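> structure for this input, please:
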Amino acid sequence: MLAIGWVLIIGIVWWVVEEWGRRDANPNRALTVGPAGEVVLQRNRAGHFLADGEVNGRRVTFLLDTGATYIAIPAQMARELKLKLGPSITLQTAAGPAPGYPTRLESVRVAGMEMRDMGAVVAEGLEPGTVLLGMNFLKRLEMTQRGEQLVLRPPQPAAR
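Okay, the predicted model is just below:
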């Protein structure tokens, strides 16, 4: 009985530590949409803004990347989603030139904000399950950074 008790205690401690690590890596797992359609993201411990969302109906974690021109999809995910790839192109990344392939996404959703028929690039070397959310999506939103928070909201109609 003592051995079973220790196994249960170790299992509970392991689960708590794992859950804490996941929440610390992405503090934006349970996003809520405010009354004006806004979403407030918290910066993670590495200084990045992450948000859970969907690409073509598949759950993904987005890393908001204002330095990326397009949404960037890991190659493995592109194969799983059966995306059609265009001809090989050279991507200019922070790590230097890398091969990539243009593609189109039926839908991209973050919280309550969805955009359809979005351009994207498929790249080797991206972390599986993480999609870079580039400026072709972000430029269609209003973004305001306040300290450790980033507020995203749909653009407001122009006043007449």
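
> so the spatially most central residue of the chain bridges to which residues?
Most central in the chain under Cα atoms, centre = their mean is residue 62, positioned 0.3 Å from the mean C-alpha point. As for beta bridges, residue 62 partners with residue 51, residue 131 under DSSP bridges.

> try the one 10 residues further on
For residue 72, the residues forming beta bridges with it (DSSP bridges) are residue 121, residue 132.

> residues contacting it?
65, 91, 100, 120, 121, 122, 123, 126, 131, 132, 134 (Cβ atoms under 8 Å, 6 or more residues apart in numbering). C-beta coordinates here come from the backbone N, C-alpha and C atoms, glycine included.

> export these to CSV and tack on neighbour count and distance to residue 73?
CSV is the format used below for those (neighbours: other Cβ atoms under 10 Å; distance: Cβ to Cβ, whole Å):
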residue, neighbour count, distance to residue 73
65, 19, 12
91, 20, 12
100, 25, 10
120, 24, 5
121, 24, 7
122, 25, 5
123, 21, 7
126, 22, 7
131, 25, 6
132, 22, 8
134, 23, 10
